[in-house]
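Engineer: Structural data only, the sequence is not supplied:
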């Protein structure tokens with residue numbers, strides 16, 4: 001996840017430089033492209049900053065400690081739940097990517113309409129359209145790498161994971177997503193219901209797929225279930 005954050009941070013910086021150059025060249029791009037670039041930069045920085053575990057799990061010298069994360073058997077019914085949850089999150093990514101394309105296309109069209117300089121408006125329309133496509137490709141590409149590709153591994157593996165210990169939900173700026181930091185790992189999470197459910201829990205147990213990190217269920221430190229994906233009926237202690 002931290003690698004994805006660095007990619008987004010670098011790409012947004014390049015976009016910002018492009019917009020500054022366009023503004024200095026008399027393109028009058030407006031405030032919205034700069035806002036979007038800053039948004040992407042904040043998003044990337046959030047991934048970088050929150051993409052690490054809460055604690056370092058170490059085995060004391062001469063002693064044995066219980067691991068924070070254990071493997072659970074991946075039965076066919078659980079694999080189906082993982083696939084369904086991932087498909088829902090992927091549709092959300094496609095909507096977001098399409099939204100960026102539309103926004104940049106509208107910006108370019110408005111500049112083309114308002115700019116009286118011959119040929120300049122069409123140039124800006126093409127430039128903003130290209131930026132919109134590049135942004136959409138970046139979003140879908142990174143999401144495919146961190147969501148769709150890992151899903152294939154999740155469905156082939158014989159287990160999923162259960163982590164017990166401290167947890168922290170870190171909101172992603174200007175978005176509905178968040179990062180879930182656990183004792184020995186951190187990953188992105190989507191969905192208002194699960195983010196809200198885990199946001200008030202500082203310690204507990206989370207079940208999730210090993211590679212795509214689809215959250216299946218969560219319990220607080222008292223063993224009370226605070227979230228469960230539709231179709232996932234495994235209980236704590238099983």
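Structural biologist: Structure received. Worth saying up front: this structure is predicted, and the values here are computed from it rather than measured.

Engineer: What ranges does this structure have for its strands?
Structural biologist: 69-73, 159-166, 168-171, 178-181, 186-189, 203-208, 215-220, 225-228 (DSSP state E).

Engineer: So in that sheet, which strands flank the last one, and in what orientation?
Structural biologist: Taking DSSP bridges as the criterion, strand 225-228 sits next to strand 215-220 (antiparallel) in its sheet.

Engineer: circling back: between the strands of the chain, which gets nearest to residue 107?
Structural biologist: Ranking the strands of the chain by their distance to residue 107 (criterion: Cβ to Cβ) puts strand 168-171 first, at 27.0 Å. Glycine gets a C-beta too; all of them are placed from N, C-alpha and C.

Engineer: And the closest one, what does it pack against?
Structural biologist: Helices and strands touching strand 168-171, by 3 or more Cβ pairs under 8 Å, 6 or more residues apart in numbering; DSSP states H and E, are helix 32-50, strand 178-181, helix 192-199.

Engineer: repeat that with 6 Å
Structural biologist: Counting contacts by 3 or more Cβ pairs under 6 Å, 6 or more residues apart in numbering; DSSP states H and E, strand 168-171 packs against strand 178-181.

Engineer: Which strands or helices does the strand it packs on pack on?
Structural biologist: Packing partners of strand 178-181 (3+ Cβ pairs under 6 Å, 6+ apart): strand 168-171, strand 186-189.

Engineer: State the mean pLDDT of the last one.
Structural biologist: The average pLDDT for strand 186-189 rounds to 82.

Engineer: And stretch 106-125, by the same measure?
Structural biologist: Mean pLDDT, computed over stretch 106-125, is 70.

Engineer: end-to-end on that stretch?
Structural biologist: Stretch 106-125 has an end-to-end distance of 9 Å (Cα to Cα, to the nearest Å).
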